[in-house]
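In: coordinates only, sequence not included:
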């Protein structure tokens, strides 16, 4: 939780990305990619010649196949430009959710998904006076006018000529 200046609740959570396909291109590179994914709490599938184990397939994945694979969140590939270009083209041709191509060796940040939720608690007891600490919208027609912050009648229409006006405030 990260407290905000007006008492709002800000919560940042990190989740492991969906399955990350580790394509090396060498066995050592694929193993390193998989280790980074595991360290971030994720699931890795290594597809490279010589790969062994329950989360590995020994062989070469044609880059065009990346356009049709389902259930993947990212592809890790530390390869030459022509190979990366093929992978980018295949991933760009996918339907649905965007799948990242991770080309950086420091890939931990790409193995996590961020979710930020902000809940405005001013109506439930947050410090609403901090919202008005600098007055109404800077440079607006009511700048410096304290009455501009007084609550409006609940059914009072909003003046469309005041774009900074918030429901419930004059």
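Out: Structure's in. What do you need? In this text, all values refer to a predicted model and were calculated from it rather than measured experimentally.
In: this protein: strands as residue ranges?
Out: Taking DSSP state E, the strands of the chain run over residues 2-3, 9-16, 19-22, 44-47, 56-57, 72-76, 100-102, 112-119.
In: run through the helices of this structure in chain order.
Out: Secondary structure of the chain by DSSP state H: the helices cover 27-39, 81-92.
In: follow-up on the earlier one: single out the most deeply packed of the strands of the chain.
Out: Neighbour counts (mean count of other Cβ atoms under 10 Å) averaged over each of the strands of the chain peak at strand 19-22, with a mean of 26. The way it works is simple: take the backbone N, C-alpha and C, and place the C-beta from them, glycine included.
In: nearest to residue 74, of the helices of the chain?
Out: Nearest to residue 74, of all these, is helix 27-39, at 8.6 Å by Cβ to Cβ.
In: between the strands of the chain, which one is closest to residue 86.
Out: Comparing the strands of the chain by Cβ to Cβ, strand 100-102 comes nearest, at 10.5 Å.
In: that closest one packs against which elements?
Out: Under the contact criterion of 3 or more Cβ pairs under 8 Å, 6 or more residues apart in numbering; DSSP states H and E, strand 100-102 touches strand 72-76, helix 81-92.
In: can you redo these as CSV with mean pLDDT and distance to residue 101?
Out: What follows is the helices and strands packed on strand 100-102, written out as CSV (pLDDT from 0 to 100; distance: least, Cβ to Cβ, whole Å):
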stretch, mean pLDDT, distance to residue 101
strand 72-76, 96, 5
helix 81-92, 98, 6
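In: just put the ones you listed in TSV and tack on distance to residue 13.
Out: Listed next are the helices and strands packed on strand 100-102 as TSV, based on distance: least, Cβ to Cβ, whole Å:
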stretch	distance to residue 13
strand 72-76	16
helix 81-92	26
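In: please consider this matter closed, and thank you.
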